[in-house]
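Asker: starting from these lines, generate the structure:
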Amino acid sequence: RPCRPPSSFFPSLSRVACRLSLVTSTHLPPRSSCRQSFSPQLPPAQSEAMCKPTAPPRRKASLLLTTESFNYDDDSSGSDGKADGKGGHGPAPPMSSTFFTLSFLVGFLVGIELAIRWVLERFQDYHPILGVEVNRQILARHIGVDVVGCASVAIIGLRNRHIIRDMIPGGITFGRADSMPEAGYEARLFTYHPAAQHVLLFFFAYQVKNMFDSIVWNDGIVFILHHLLSGAAAWGGMFPGSTHYYAIFFMGISEVSTAILCMLANFDDEHGVVGLGDAFPLAKVVLGVVFAVAFIICRSVLWPFVTYYFVRDARNAIKSDSPRSRSRRGWLRLFVFSCAGLSILQVLWLGEIIMTLKEEVSKMM
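Answerer: Take a look at the predicted model:
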């Protein structure tokens, strides 16, 4: 189009402005904040600098402690919490906020552990067992790290159990109900849930601290591999993101029994404090019974039909050619492998729990 000088008093600047406006209007991206107009009081170089496209403002790292804080909505993700057609996973928090919160959570677990050590040291004269420093450290680890970590994700999962309420009718009727249609596997696997992201990040932070403790306390390669596999599964659930629907149970609600087990571990002579079970036999038996009931409910009743639905949905997603499924096939295979291994362990642990309970009850009798 013809370019007319805006003012006859500044002919040279007008010609420069005209040429630059034509260049910038041709080459700048559509979302550029360039004004394509120049003030005659500014030199051409400064005017050209003003016309460069500006990057979108970077979101500051924030602390993610509540479920509401995990609900982000920006231009790169959908606002309805559902995965987009390009493989996205909804309004997840930025990586900077994730690492900032991760550092805070690990530091918080360390602080709780040190605080319990300090309290137990002040009461070391209450019982001879507390007079041994190693015993105080073991109690602080199991209570301040393991119980707090598992109980935190369990509480978050229980508070958001309504997300997975559709599984209950299907589980009660052994899959005959229509509450979990097979065709809806993509919605269950690729829908973003802030509560699930909340559970996964807290669970991952606990695995980081727990793996460090396993190395320091020489728990063995089995525990280290368990923490690595669990942490990898939690990270894959957050980034690139998938299986949020099932994470509410597997890494949230099911940890109710684990939190009780961590408390019960203090009374074990091998993994806990030597002599604590003999000093407080009634407390050991009560915790054992509570753990057995929680384990049967979470791991023997609920776990099988949740696993059935998860494996069915994951298998359909692995066979699918949708962009979301293709980009997450490796993670889905890892999730299925982990779930299958843990499911086998549930059966073995149930038999061991029954035998241990019989032994403890016979001792009490």
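
Asker: got the buried residues for the helix ranked longest in the chain?
Answerer: Scanning the chain for the longest helix, with DSSP state H as the assignment, gives helix 329-364. Within helix 329-364, the residues that qualify as buried are Trp331, Leu332, Phe335, Val336, Ser338, Cys339, Leu342, Gln346, Trp349, Ile353, Glu360, counting by 16 or more other CB atoms under 10 Å. Any C-beta I mention is one placed from the backbone N, CA and C, and that applies to glycine too.

Asker: so the residue lying closest to Ser152 once chain neighbours are set aside is in which element?
Answerer: Nearest non-adjacent residue to Ser152, counting by CB to CB, 6 or more residues apart in numbering: Phe202, 5.4 Å away. Assigned by DSSP states H and E, Phe202 falls within helix 194-216.

Asker: now that helix, how far from the chain's geometric center?
Answerer: 8 Å (CA atoms, centre = their mean, to the nearest Å).

Asker: what's the answer for stretch 238-248, then?
Answerer: The answer for stretch 238-248 is 8 Å, by CA atoms, centre = their mean.

Asker: from here on, count from 848
Answerer: In the new count, where the first residue is 848, that last one comes out as stretch 1085-1095.

Asker: and the end-to-end length of that stretch?
Answerer: Terminal residues of stretch 1085-1095 are spaced 13 Å apart (CA to CA, to the nearest Å).

Asker: low-confidence ranges in this structure?
Answerer: Applying pLDDT under 70 to the chain picks out residues 848-906, 920-937, 1019-1022, 1211.

Asker: thought Leu910 was touching Pro940, still the case?
Answerer: No. Using CB atoms under 8 Å, Pro940 is not in contact with Leu910, being 10.3 Å away.

Asker: what's the overlap in contacts for those two?
Answerer: Common neighbours of Pro940 and Leu910, using CB atoms under 8 Å, 6 or more residues apart in numbering, are Ser916.

Asker: more neighbours, these two?
Answerer: More crowded of Pro940 and Leu910, by other CB atoms under 10 Å: Pro940, with 22 against 12.

Asker: so who does that one touch?
Answerer: Contacts of Pro940 (CB under 8 Å, 6+ apart): Ser909, Leu911, Ser916, Phe917, Tyr919, Gln1044.

Asker: secondary structure class for the spatially closest residue to the fifth one that is not a sequence neighbour?
Answerer: The reference is to Tyr919. Nearest residue to Tyr919 in three dimensions, chain neighbours excluded: Pro938, at 4.2 Å (CB to CB, 6+ apart). Under DSSP: H, G, I helix; E, B strand; the rest coil, the three-state class of Pro938 is coil.

Asker: tell me how many other residues crowd Pro938.
Answerer: 20.

Asker: make sure Met1110 is indeed in a helix.
Answerer: Yes. Under three-state DSSP, Met1110 falls within a helix.

Asker: measure it to Val1132 for me?
Answerer: 13 Å (CB to CB, to the nearest Å).

Asker: equivalent analysis for Leu1076, please.
Answerer: Leu1076 is 33 Å from Val1132, by CB to CB.

Asker: next, the contact list for His1074, please.
Answerer: Gln1054, Asn1057, Met1058, Ser1061.

Asker: what comes up buried for the host helix or strand of it?
Answerer: In the assignment (DSSP H and E), His1074 maps to helix 1068-1083. Using 16+ other CB under 10 Å as the test for burial, helix 1068-1083 gives Phe1070, His1073, His1074, Leu1076, Ser1077, Gly1078, Ala1079, Ala1080, Ala1081, Trp1082, Gly1083.

Asker: more neighbours, Met1110 and Val1132?
Answerer: Applying other CB under 10 Å to Met1110 and Val1132 shows that Met1110 carries more neighbours, namely 20 against 17.

Asker: just give the nearest non-adjacent residue to that one, would you?
Answerer: Val994 is the one closest to Met1110 (CB to CB, 6+ apart), at 5.4 Å.

Asker: now swap in Val957 and tell me
Answerer: Lys1056 (7.1 Å).

Asker: what distance do you get for that neighbour to Asp1115?
Answerer: 21 Å.

Asker: more crowded one of these two?
Answerer: Lys1056 (22 against 16).

Asker: residues in contact with the more buried one?
Answerer: Residues near Lys1056 by CB under 8 Å, 6+ apart: Val953, Leu956, Val957, Val992, Gly996.
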